Every structure is written in structure tokens, then in C-alpha cells.
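Engineer: any chance you can model this:
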Amino acid sequence: MLGKILVGILVTLSLLLSSCYPELSVQQYDRLKEDLIALDVERQELQAELVAIKAEIAAIEAENAETLAYVEFLDKLVSTQSSEMILAGQFDVVALTDANAELAGIAERLGDNEIIYYLGLMDRDNESQTVAAYYKVIEYCLKKMRQNLE
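Structural biologist: All right, here's what the predicted structure looks like:
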């Protein structure tokens with residue numbers, strides 16, 4: 001009697017389970033397997049594309065970081081000149097040469113020897129050479145920034 005009850009319970013459970021989880025035909029299984037393989041291939045392609053995009057973004061960020069460093073250098077360079085003196089037609093050689101060591105340190109962090117060369121030409125006793133070097137540094141920085149943005 002107990003055996004018949006257990007068999008009845010097992011049959012009932014198997015019917016309930018089979019109705020909840022219908023079986024797949026071989027064709028449906030094969031189609032699902034093919035779909036999974038196709039989706040995996042697509043996932044791998046997208047993952048490779050993501051890696052390439054991340055590398056491109058890193059390169060752009062590096063270029064922008066260098067451009068920002070040149071902008072900060074130019075800001076420091078231009079801030080050595082007071083607006084009042086410029087409007088009066090004067091160039092503040094003393095302020096520029098006083099800031100020369102700090103500017104050279106920034107140029108060294110940029111790793112740019114050409115700026116360091118022009119900064120070395122700045123002399124408190126030679127205003128025309130200092131002014132020429134000042135504008136040459138500005139011109140050079142603008143060219144470097146433009147190269148980074150192209």
C-alpha cells in the first residue's frame with residue numbers, strides 16, 4: 001500500500017514537473033545552441049571593439065593632458081606680465097626673469113627642451129632678447145597645442 005502511494009506521488013510529481021519544464025526537441029536545442037554560439041561570437045567582437053575604444057580614449061586623454069600642461073605653462077608665462085604695464089607699452093622683464101626658474105621647472109616636467117632653451121635666452125639686462133624669447137615660447141607652445149589637437 002505504501003509503495004502504491006509512493007509511486008502515485010512520484011507519478012504526480014513527475015507530471016507536475018514535466019508540465020512546468022517542457023522538454024525541448026532536438027531541433028529546438030540545436031537552434032538554441034547555435035544562437036548561443038552566435039551571441040558569444042558577437043560578444044567577443046564587441047569586447048575586442050571595447051578594448052580598441054578604451055585604447056583610443058586613453059590616447060586622446062594623454063594628448064589632452066599634454067595640451068592642458070602647455071595651457072597651464074602659457075598661463076603662468078603670461079601672468080608674469082601685468083596688464084597695466086602692457087597697456088602702457090612696457091614689458092616687465094624683471095617679473096619674467098624672476099619667474100624663469102619656476103617656468104623652467106614646468107618646462108622640464110613637460111619634457112620640452114626647446115622651451116627650456118628659449119627660457120635660457122631671457123636676460124634681465126637684454127630686454128629685446130627677452131621679449132623675443134617670450135614670444136617665441138608662446139609661438140612654440142601654440143604650435144605644440146595645435147599638433148595635439150589635430
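Engineer: neighbours of Arg31, how many?
Structural biologist: By other Cβ atoms under 10 Å, the residues close to Arg31 number 12. Just so you know, the C-beta spots here come from the backbone N, C-alpha and C atoms, and that holds for glycine as well.
Engineer: please report how far it lies from Glu42.
Structural biologist: To Glu42, Arg31 is 16 Å away according to Cβ to Cβ, to the nearest Å.
Engineer: so, low pLDDT: which residues of the chain?
Structural biologist: 1-3, 6-7, 10, 13-24 (pLDDT under 70).
Engineer: just the element for the residue nearest the centre of the chain, please.
Structural biologist: Nearest to the mean C-alpha position of the chain, counting by Cα atoms, centre = their mean, stands Glu61 at 2.6 Å. Per DSSP states H and E, Glu61 falls inside helix 26-78.
Engineer: after that helix comes which helix or strand?
Structural biologist: By DSSP H and E, the next helix or strand past helix 26-78 is helix 83-87.
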